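Engineer: requesting a structural model of the entry that follows:
(chains A and B)
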Amino acid sequence: MNLSEHSSILIVVVPLIASFLNVFIGLWRRSLCYPLFLLALVICGFLSIDLIQNIINNGTIRYKLGGWMPPWGIEYVVDHLNAYVILIVSFISLLVAIYSKRSLEKELEESKLPYFYSTYLLLVTGLLGITVTGDIFNLFVFLEIASLAGYALIAIGENRSVLASFNYIIMGTIGACFYLLGVGYIYIITGSLNMLDIAQLLPKLYESKVTLAAFAFLVVGVAIKIALFPLHRWLPDAYTYAPSAVSVLASATMTKVGIYVLIRISFTIFEPNFSKDIIPAGTILVWWSTIAIIFGSILALGQIDFKRTLSYILIAEVGYMVLGVNLGNKEGFIGAVLHILNDALMIACLFMVTGGIYYYLKSRNIEDFVGLNKKMPLSMASFSIVALSMIGIPPTAGFFSKWYLIIGAIKAEQWIAVIALLFSSLVNAIIFFRILEKIYFKKGNSTKDINVKEVPVSMLIPILILATSVILVGLFSGKIISSIIQFTVPGGF
Amino acid sequence: MEIIIGKYNYWIYIALMMIGFYAMIAKRNLVKKIVGMNIFQTAIILYFISTAYKKNATIPILIKSQEVIDVTQYVNPLPHVLMLTAIVVMVSTFGVALAVIVMLYKKYKTLEEDEIIEILREKK
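Structural biologist: Numbers count the residues shown, from 1 in each chain, chains lettered A, B, ... in the order given. Predicted structure coming up:
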């Protein structure tokens, strides 16, 4: 039996089984939980590398679950886009797992760690499941697995996190139910749940009102899950008060997987010309995300809590990706897909550094960051690199995706979107230079920093890896585009 | 008139869904909110199940003696199966929401959203 033939199902099954094992092993020997947890994620990492190599060499993988032929059985389809997102999710979740060990010691009781690890693995299962599946109802189930694990993980954070988690449950459930309704409408009109099968059946039915309703429900449902601007209210609270490790994982992976689902809906289930020509959904989403970019940036400017600043920046970044996907040309799409990777790396690194500062300083207030470069030089160096990337200065990764996005917007003649992108870069420059000035140049020590020192090694290594990969992805972005991303561009662009 | 009576199940589903939606957004009590959430989800189940229904049709079990299978005689089993899964998802959502509510009650000794926000504001 060839194992790599089954890697598309194993990547979901391994974390799922490890998640159940963790609870029982935790009752017996608590010290074994962390190695098991890490092992499962390392296996996921290897499987994702195997998948992406397989796809670059052999093209799309279609795995039939239980040998049932699609469209009757559930099918797992892995093409360039999935493999790329899977690689990001498993890579980030592994790094966060390494990071979480020490950071959780201060934020969670030790007796609860096994449950934390299994919930974490469930979240990873859900995210990977969303990306591999080729069945829209199966996608709903995995979406809910990921969201439920997310609600639970956010609720274990500091004081106000429980209320934030409750609001997230309400919003997230509305989103999921809208998605489910969309699935229902697609099912009654086509009688199929398989994405590729639906893609063949739908074009004849584009004139029908049911199709329009289905598209609207699916897009709005996913827009709630990715916190696209007016539907973003749950995100800042949830990500600010969650434990550091959870904020990193959720911010870096959950929204990106949501963008992936949006791409699948708009360009795999529906043909690209549906959202471009038949209804003006592409144009509406371009405007919608332009507003998201502007408001996310403005709101980020006014925050004192750095984690909250990052949450609002994340809302603007979600706007970037939705914008790029809907511009309707090749450059914009490449920029958006490249930005999925860049944003995952940058946001993860920034949240990790914030968690590292919080580790000793017990504060996330920007005013307390004064003079940190002497205390934590390596973290601050990584922070500076990523800050430059957020602003979009070459050769860091952020520059290249923004470049593509702006070129795409100019080509689509969306001048307001171009201005919004430049405006957001400018705001990022203000936010980050203000903080860098505090860290490096401002004289005088803040009162709280008596015991501050460099974070523990197991927390520092993921930060350094992410910061270096921000530069490496920038330098090799041409190679990434030519070997993976250019194959994800849907036909007709 | 025909569109209201002939498709009354869909109208009920829409009405139920809006009742649930209203409760989720407008009610200030947290338990009422998740009861609203449950009504909202149940409405979707009702919708799926009513799409499977056919007049004078029976359960989709094949009797051996029957040789020619007429699809119109059987209700569509697939939406039922989907809803079994969706019910599991909804029960787990409800469970997580209740657990969070218990945590909130232990912390603030109240389940009124306004009072909790008031307590949080005083702490600042």
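Engineer: pLDDT at A:Leu3, what is it?
Structural biologist: What the model reports as pLDDT for A:Leu3 is 68.
Engineer: do the one 10 residues further on as well
Structural biologist: The predicted structure scores A:Val13 at 90 on the pLDDT scale.
Engineer: tell me which element it falls in.
Structural biologist: For A:Val13, the element it lies in under DSSP states H and E is helix A:7-28.
Engineer: so which elements touch the helix or strand following that helix?
Structural biologist: Counting by DSSP H and E, the next helix or strand C-terminal to helix A:7-28 is helix A:33-58. Secondary-structure packing of helix A:33-58 (3 or more CB pairs under 8 Å, 6 or more residues apart in numbering or on different chains; DSSP states H and E): helix A:7-28, strand A:61-64, helix A:80-107, helix A:113-132. To be clear about C-beta, it is placed using only N, CA and C from the backbone, and glycine gets the same treatment.
Engineer: just to revisit the earlier point, the helix holding A:Val13 close to chain B?
Structural biologist: No: interface with chain B: helix A:7-28 contributes nothing (CB under 8 Å from any CB of the partner chain), its closest point being 14.2 Å away.
Engineer: buried sites along that helix?
Structural biologist: Of the residues in helix A:7-28, those buried under the neighbour-count criterion (16 or more other CB atoms under 10 Å in any protein chain shown) are A:7-12, A:14-16, A:18-19, A:21-22, A:25-26.
Engineer: ok, back up a step: ranking the helices and strands packed on helix A:33-58 by mean pLDDT, which is last?
Structural biologist: Across the helices and strands packed on helix A:33-58, strand A:61-64 gives the lowest mean pLDDT, at a mean of 83.
Engineer: need the next SSE after it, C-terminal direction.
Structural biologist: Sequence-wise, the next helix or strand downstream of strand A:61-64 (DSSP H and E) is strand A:75-78.
Engineer: output the contacting helices and strands for that following strand.
Structural biologist: For strand A:75-78, the packing partners by 3+ CB pairs under 8 Å, 6+ apart are helix A:7-28, strand A:61-64, helix A:113-132, helix A:195-201.
Engineer: check the offset of the helix or strand hosting A:Ile480 from the chain's centre.
Structural biologist: Using DSSP H and E, A:Ile480 maps to helix A:477-480. On the basis of CA atoms, centre = their mean, to the nearest Å, the separation between the geometric centre of helix A:477-480 and that of its chain is 20 Å.
Engineer: give me the residues contacting that helix.
Structural biologist: In this structure, residues lying in contact with helix A:477-480 by CB atoms under 8 Å, 6 or more residues apart in numbering or on different chains are A:Leu338, A:Leu341, A:Ala397, A:Phe400, A:Ser401, A:Val473.
Engineer: near chain B, which residues of chain A show up?
Structural biologist: By the rule CB under 8 Å from any CB, the part of chain A lying against chain B is A:137, A:140-141, A:144, A:148, A:151-152, A:155, A:159-160, A:162-163, A:165-166, A:169-170, A:173-174, A:176-177, A:180-181, A:184, A:187-188.
Engineer: let's see 7 Å
Structural biologist: By CB under 7 Å from any CB of the partner chain, the residues of chain A that approach chain B are A:137, A:141, A:144, A:148, A:151-152, A:155, A:160, A:162-163, A:165-166, A:169-170, A:173-174, A:177, A:180-181, A:184, A:188.
Engineer: turn the buried ones among those residues into a named PyMOL selection, would you?
Structural biologist: To isolate the buried ones among the residues of chain A next to chain B in PyMOL, judged by 16+ other CB under 10 Å, type:
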select buried, chain A and resi 137+141+144+148+151+152+155+162+163+165+166+169+170+173+174+177+180+181+184+188
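Engineer: circling back: farthest-separated two in the buried residues of helix A:7-28?
Structural biologist: A:Ser8 and A:Gly26 (29.1 Å; CB to CB).
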